[in-house]
Structure formats: C-alpha cells, structure tokens
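K.L.:
Just to be clear, the model below is a prediction. Sequence and coordinates:
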Amino acid sequence: MLTAKYGHMRAVPRDFYGRDVVTVSRELLGKVLVRQEGRRVRAGRIVEVEAYLGIDDPAAHSAAGKTARNFVLFGPPGRAYIYFIYGNHYCLNFSCEPDGKAGGVLIRALEPLVGLELMAEARGIEGDLTKLSQRRSLTSGPGRLAEAFDITRERDNDKNVTLAKSDLRVVDDGFRPEKIAVTPRIGITKAADEQLRFVVAGNAFVSGKAFSR
DNA sequence: ATATCGATTATCT
DNA sequence: GATAATCGATATG
C-alpha cells in the first residue's frame, strides 16, 4: 500500500544537510516530506525551494546573528526552522551547513503524493481533488504547505527531520528531477536579484501562476 | 489574466 | 511603531 511505502522509507541523513546551502537546496528537489501520525500519513514531493545563506545574505533571517527566533539556523543540520509571517502563515525551512554555521532552505512547494484528503481538511478546502487546480491549491506555496501538513512553530520548530521516528521527516524514494530551473527568490526586498530559487522544471505544483488548461 | 489590498502578530529598531 | 521568506478576496480589463 502506498502509505506504507512512504511511511517506512529511510530518512535522508544528517550529513546530507551538513553541506553548503546551495548544494542542499538543489538536491532537496525530488525528496519527499512526510508527516506521520500513527496510521495517518501525508507525503509530498519537494518541487520548489529557496536557499538562504548564513550571515552574508541580507535576505536571510540569520543575517544579523543568532536570536531567540532564528537559533535553529545556527544549530545542527537537518532541523526544521519554522517562522511565522504576516500574522497569518508558518513557513518551513531546514537548517544546513555544519553545526555552528548558519544557513537554511525554505520549502516553497510540494507535489501532493499521499494523504490528500488530510491536507484538504487541514487547509479547509472542500473541492474535487481529481482537479489539478484543487490539488495545486493544497501545497503550492510555503504558507499553504505548512498549513496542509499542520506545521507550526510550537509543534515543529527545531525538530530533527532526519530521524525515522520523527513525525515530520524527509525521505528519498529515488526520484530525481530531469531538469532544475533557477530564478530569483520570491517576496523579498533585500538581495532580490540573487539566483537562489530552485524549481523542478515544468512541474505543475510550483507556486505562482496556475497552468492554463 | 493581472493588479491591488486587507488580514494579523512576532520580531526588531 | 514598522516591517515581514504570504494568501485569498475583490476589482478591473
């Protein structure tokens, strides 16, 4: 059964995250985010990410040094850094670089694989999930995917996503993107021209304008 | 199809 | 007191 497939797959190890942020960002494309609560499994393929460098990146939360908010970015690799933004939304990142060095990858969009009904429920969406437009609205955007996976700062910040027992983790099912596209990051004002957004080229679940029919 | 705008709060100046 | 790594609703072409 498909849920069992992602439920038992090996987690991506800590060493994967303990490298430079750009490399980790590119290689995270195609990996699978899993939320497992007992028998209830949600899984989605990572199709869009952004790299936030350490203290040398004005757009990064870590730019001004370690604070109570951003300490996870400075800690060990492979931890979830969750921040709350615009009074409305949580966003999910993974800490990268070796312990003590800042850096993180923002997860911007997922292709839903398993547990779409659970995602729709978490999002408060009632619609026909056989329609691409409805499936897209589940997880195409950082705030949306966090809501779809019930990700909050209180629940998930600093959580180790490399552990098989973690209810929030990242696994590798062997999928590799054919082609990766690189663009500037979305929604920032500082360092807005840096090419640090990475997407699975042609994937319909990348955030932004919907594909027309 | 694109543009504009309000919501709502943790964080930092 | 201003801002923010966003979203969804509404308005307009």
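P.N.:
Right, received. Where do you want to start?

K.L.:
Every contact and neighbour count from this point should use C-alpha atoms.
P.N.:
Will do.

K.L.:
Near DNA strand B, which residues of chain A are found?
P.N.:
For chain A, the residues in contact with DNA strand B (C-alpha under 7 Å from any atom of the strand) are A:64, A:67, A:68, A:69, A:70, A:84, A:85, A:86, A:87, A:88, A:209, A:212.

K.L.:
between these, which is closest to DNA strand C?
P.N.:
residue A:86 (4.0 Å; C-alpha to the nearest atom of the strand).

K.L.:
count of neighbours near the closest one?
P.N.:
Neighbour count of residue A:86, defined by other C-alpha atoms under 10 Å: 6.

K.L.:
do the one 4 residues further on as well
P.N.:
Residue A:90 sits with 20 neighbouring residues when counted by other C-alpha under 10 Å.

K.L.:
For chain A, which segments count as helices?
P.N.:
Secondary structure of chain A (DSSP state H): helices at A:2-7, A:14-17, A:21-28, A:71-74, A:116-123, A:132-139, A:142-148, A:153-156.

K.L.:
which regions of chain A sit below the pLDDT cut-off?
P.N.:
A:1-4, A:210-213 (pLDDT under 70).

K.L.:
and the residue nearest the centre of it, how far is that from residue A:95?
P.N.:
Taking C-alpha atoms, centre = their mean, the centroid of chain A lies closest to residue A:107, which sits 2.6 Å from it. Using C-alpha to C-alpha, to the nearest Å, residue A:107 is found at 11 Å from residue A:95.

K.L.:
returning to what we had before: would you write out the PyMOL command that picks the buried residues out of the residues of chain A next to DNA strand B?
P.N.:
Buried residues within these, by 16 or more other C-alpha atoms under 10 Å, are selected in PyMOL with:
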select buried, chain A and resi 70
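
K.L.:
Mind checking which of the residues of chain A next to DNA strand B are in strands?
P.N.:
A:84, A:85 (DSSP state E).

K.L.:
does residue A:62 really touch residue A:103, like I thought?
P.N.:
Yes. Residue A:62 lies in contact with residue A:103 (C-alpha atoms under 8 Å); the separation is 7.4 Å.

K.L.:
what about these two, which has more around it?
P.N.:
Using other C-alpha under 10 Å as the criterion, residue A:62 and residue A:103 rank with residue A:103 on top: 33 against 25.

K.L.:
Who are the contact partners of that one?
P.N.:
Neighbouring residues of residue A:103 by C-alpha atoms under 8 Å, 6 or more residues apart in numbering: A:20, A:21, A:51, A:52, A:53, A:54, A:62, A:73, A:74, A:95, A:96, A:97.

K.L.:
Try it again at 7 Å.
P.N.:
A:21, A:52, A:53, A:54, A:73, A:95, A:96, A:97 (C-alpha atoms under 7 Å, 6 or more residues apart in numbering).

K.L.:
Number of residues surrounding residue A:169?
P.N.:
24.

K.L.:
Identify the residue spatially nearest to it, adjacent ones excluded.
P.N.:
residue A:161 (4.0 Å; C-alpha to C-alpha, 6 or more residues apart in numbering).

K.L.:
If you rank the contacts of residue A:103 by neighbours, which is first?
P.N.:
residue A:96 (37 neighbours).
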